[in-house]
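Participant: Just a sequence and a predicted model for now, questions to come.
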Amino acid sequence: MNKNKSFQHKVIYGVCMIVILIAVSLISRPATSDQPGGMLAQMRRDYHISDAQLGKVDPASEAMRLSLLGLDGVAITFLWSNLNEYQKTEQYTLMEATAKTISYLNPHLLKVWEFQAWNLSYNVSREFDNYEHRYLWVKRGINYHMDGTEYNYNEPRMMNSIAHFFGNKFGNADEKVQYREIFPEDDLFHDEIQKHLEGTAYSVTDDAEGIQEGKPDHWLVARLWDKWATEVVDNGLGSIGAMSPTIFYQYPAKRLMNFGEAIEKEGHISEKAQAAWAQAYEEWKEYGDHELPSTYGIPIKLNDSDRLAKELKEANAKFDEAYGKYGQEVKDAKIAKLPEATREALDTPEADRTEEQIQLVAAAKNNVNASRAEIVKQIQENANALKKESPDSPEAKELAQAALEASREANRLGEMDFLKGVIDRQKDIVAFNYWQTRALSESTDRTVEARRLVYDAHEAYKDANLVKARELYEQAWDKWAAIYEDYPSLRDDASADVLSDSIKEYRALLNQFDLDISPNFPLIDILRANSDAFIEPSWTPEDEPATKEEMDDKAESESEDSDAKPMEAEEKPAESDDKPEPAPAEEEASAEPSTEKPAETTAEPESSDDQPADESTETSDESSESEETTADDS
C-alpha cells in the first residue's frame, strides 16, 4: 500500500513538472518575424526591456554571460578585485581592459559605466604630471562611458552623465586652459563622438562649433548629449528615475551659458558670445514653459509663477474688498484678547511709541491678522446668528450665500498659493530668475562692451600701460554701474565675484599712482563682499583727485584769468607757493607741526591721520639735534 502511494506521488510530481515545463516554454517562447512570441517576450517588448530594445546585442558579451551559467555576479566580484589591484600597482592599461570586461558581463548596469568612467577620467588621469597624458586618460574615460550608450540606447541618465564629463572635466579642471586648446584640434576624438551620436540628428562639427570655424567646443558637445537625453524622455523612451525633472531639463540652455561665459573670459568678446547668450535666453524661456512633473503629482510650468502672482494680487484685492469688514471683526476680537500693554501700544501713534511698545506691536502684528479661513468662519457665524433671530429673513439667506461664496473663493486662492509655492521652490533649486536675468543682460550690446573694456584694461595692465588701463577701467565701471542698476539681482552672483578681481586689480593700479578708490566708488560693495580682508579707503570724498576733464577745465580757466590780468600776476610773484621760506620759519614749523596734510599724501591709500604728525616729530628731533650741535660748536 505504501509502495503504491509512493508511486502515485512520483507520477503526480512528474506530471506537474511536465505541465510547468510546457507552461514555461509557452510563456517564454521567443518572438520571431511571424509570431509575437510568448507572454514574457511580449511584455519585454511592451516595456522596452528586451536586449534588442535596450541596446545592441553583443555576441561576445552574451557568450560570456551564458558560459558562466548564472555565476556572472561572482565573476564580476573577482574582476573588480583585480581591477583595484591593477589600479594600486599602476597597471592602468590592464585596469581599463578589466573595466570593459566587467561592463560586458552586465552591460545594462548604468552605475558600473559611470563609476569606472569617473575612475579613469578623474582618478587615473591625475597620476600623470604631463597635462597631455592627463588629457589622454580623460578621453579614455569618456570613450568608455560613451561605449555604454551602445548597450543602453534610451538611458537619459547615462547621456546626462556623459554631458557632465564633457562640460565639467574639460571646462572646470585645473588644466582647463590646456584642455580647451587641445580639444578643438583633436579630430580623432571628434570622430569617436560623432560615431556615438550617429543615431541622432546632431553633428559635432556643425551643431557644436566653437570660436574656430569647423572646430567644436566641449561645452557645446555636452549640450548635444543633454539635448539627446531630453528628447529620449520627451518621447517616452526612457526615464530619469529619481532625478529631479527641474534640474534635468535646465542643462541644454545652461551649457550655452557656460560656453558664452568661457569664451568671454578668454577674451573672445564678440558676436559669438552675444549670440550664445541670446539663444540661451530664448531656450531658458522655453524651459520655463516646459511642463514638468512635481513630487505632489501636479504638473507645473516655471513661468507660471509670475502669472499666478499677478492673479493672486488681483484676487486678494477683490476678496478684501468684498469681505474686508468681516476680517476687521476677526481682528478686533483678537485685539480684545491681547494684554493691556499690547493694546495700549497698538493704540499709540507710531511716532510716539517707545522701544518696548515697538517690540510689542511687532510681536502682535502677525497674530492679529485675519486669515481667509477665519474670515469665512466669521461670516458663517454671523449668518447662523442672524438665522436664529429670523430664520426666513432675506438677510440671513444672503449672508449664508456670501459665506458659501467666500469659502469657495478662499479655497481657490489657497490652491493658487500652494501651486505658486511649489513652483517657486522648484525655481529656487535652479536659480531660475537669476539665470534668466543674467542671459538677458549678457545678450545686450552694453554688457558686451563693458566686458570688452575690462578685458582690454587687464591686457593693458599686464603690458604695464597703466595710463591706458586706468582709462579703460574707469570707462568700464560706468557701464557696469548702469548694468547693475538695471539688474540689481546680478550684484550678488558669480559674475560679480569675477568682476571683483578686476576691481582689485584697478585698486592696485591706482596705488601705483599713490591714489586709492573713492568711498563713493559705484562698485565698492562688490569689492567689499568678495574680499577676505577688505581695507576701507583711507580718505574722504572731498580729497578725491580731480578727473582729467576737471583738470582740463581748471587749466583753461586759469589760462583765461592769466590773459585777463597779466600785470597782476607779474606784480605779485611773492605769493607763489614755490618760493622757499626763510630757515627760521622752517625751524618754527618743524618745532610746531602743522595740522595740514601735504598735498602729495592726501591720496595715499595706506596713509593714516597720524602720519603727518609722526613726520613732524622726526623733523622736530632733527632740528633739536641741529641746535645742540650748533651750541657745542660755538
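Facilitator: Nice, I can see it. Residues are numbered from 1 along each chain as shown.
Participant: What helix or strand is residue 325 located in?
Facilitator: helix 304-336 (DSSP states H and E).
Participant: Can you mark which positions in that helix are buried?
Facilitator: 304, 305, 308, 312, 319, 323, 326, 327, 329, 330 (16 or more other C-beta atoms under 10 Å). C-beta here means a position set from N, CA and C on the backbone, and glycine is covered the same way.
Participant: and if you look at stretch 226-244?
Facilitator: Buried-residue list, stretch 226-244, by 16+ other C-beta under 10 Å: 226, 227, 228, 229, 230, 231, 232, 233, 238, 240, 244.
Participant: so what's the last one up against?
Facilitator: Think residue 244. Taking C-beta atoms under 8 Å, 6 or more residues apart in numbering, we find residue 244 in contact with residue 429.
Participant: Also the fifth one?
Facilitator: For residue 230, the residues meeting the contact criterion (C-beta under 8 Å, 6+ apart) are 156, 248, 249, 251, 252.
Participant: Which pLDDT does the model give residue 494?
Facilitator: Here the pLDDT value assigned to residue 494 is 59.
Participant: oh, and call the first residue 566 from now on, that's how I've got it
Facilitator: All set: I'll call the first residue 566, so the last point we hit is now residue 1059.
Participant: show me where the stretch 766-915 of the chain has helices.
Facilitator: Along the stretch 766-915 of the chain, counting by DSSP state H, counting those that start in this stretch, helices occupy 769-772, 783-799, 810-813, 816-830, 836-854, 869-901, 905-912.
Participant: what's the closest non-adjacent residue to residue 1041?
Facilitator: Distances taken as C-beta to C-beta, 6 or more residues apart in numbering place residue 1018 nearest to residue 1041, at 3.7 Å, with adjacent residues excluded.
Participant: Please apply the same query to residue 699.
Facilitator: Ranked by C-beta to C-beta, 6+ apart and with sequence neighbours excluded, the top spatial neighbour of residue 699 is residue 690, at 4.4 Å.
Participant: any idea how far that neighbour is from residue 702?
Facilitator: Using C-beta to C-beta, to the nearest Å, residue 690 is found at 4 Å from residue 702.
Participant: Next: residue 940.
Facilitator: For residue 940, the distance to residue 702 - C-beta to C-beta - is 67 Å.
Participant: re earlier: which one of residue 690 and residue 702 has more residues nearby?
Facilitator: More crowded of residue 690 and residue 702, by other C-beta atoms under 10 Å: residue 690, with 23 against 20.
Participant: give the contact list for the more buried one.
Facilitator: Counting by C-beta under 8 Å, 6+ apart, residue 690 has contacts 698, 699, 700, 701, 702, 703, 706.
Participant: a markdown table for these, including secondary structure, pLDDT and distance to residue 760?
Facilitator: Listed next are the contacts of residue 690 as a markdown table, based on DSSP: H, G, I helix; E, B strand; the rest coil; pLDDT from 0 to 100; distance: C-beta to C-beta, whole Å:
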| residue | secondary structure | pLDDT | distance to residue 760 |
| --- | --- | --- | --- |
| 698 | helix | 95 | 24 |
| 699 | helix | 96 | 24 |
| 700 | helix | 96 | 20 |
| 701 | helix | 96 | 19 |
| 702 | helix | 96 | 20 |
| 703 | helix | 96 | 18 |
| 706 | helix | 96 | 17 |
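Participant: Make CSV from those and add distance to residue 904 to it.
Facilitator: Formatted as CSV, the contacts of residue 690 follow (distance: C-beta to C-beta, whole Å):
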residue, distance to residue 904
698, 76
699, 71
700, 73
701, 76
702, 72
703, 69
706, 69
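Participant: just the buried members of those?
Facilitator: Counted by 16+ other C-beta under 10 Å, the contacts of residue 690 give 699, 700, 702, 703, 706 as buried.
Participant: Point out where the protein drops to low pLDDT.
Facilitator: For the chain, applying pLDDT under 70 flags the ranges 566-568, 596-598, 606, 609-623, 625, 627, 1058-1062, 1104-1199.
Participant: one step back: show me what the helix holding residue 890 packs onto, helices and strands only.
Facilitator: In this structure, helix 869-901 packs against helix 905-912, helix 920-933, helix 937-954, helix 959-994, with contacts taken as 3 or more C-beta pairs under 8 Å, 6 or more residues apart in numbering; DSSP states H and E.
Participant: Could you point out which of those helices sits nearest residue 777?
Facilitator: Among these, the nearest to residue 777 by C-beta to C-beta is helix 959-994 (35.3 Å).
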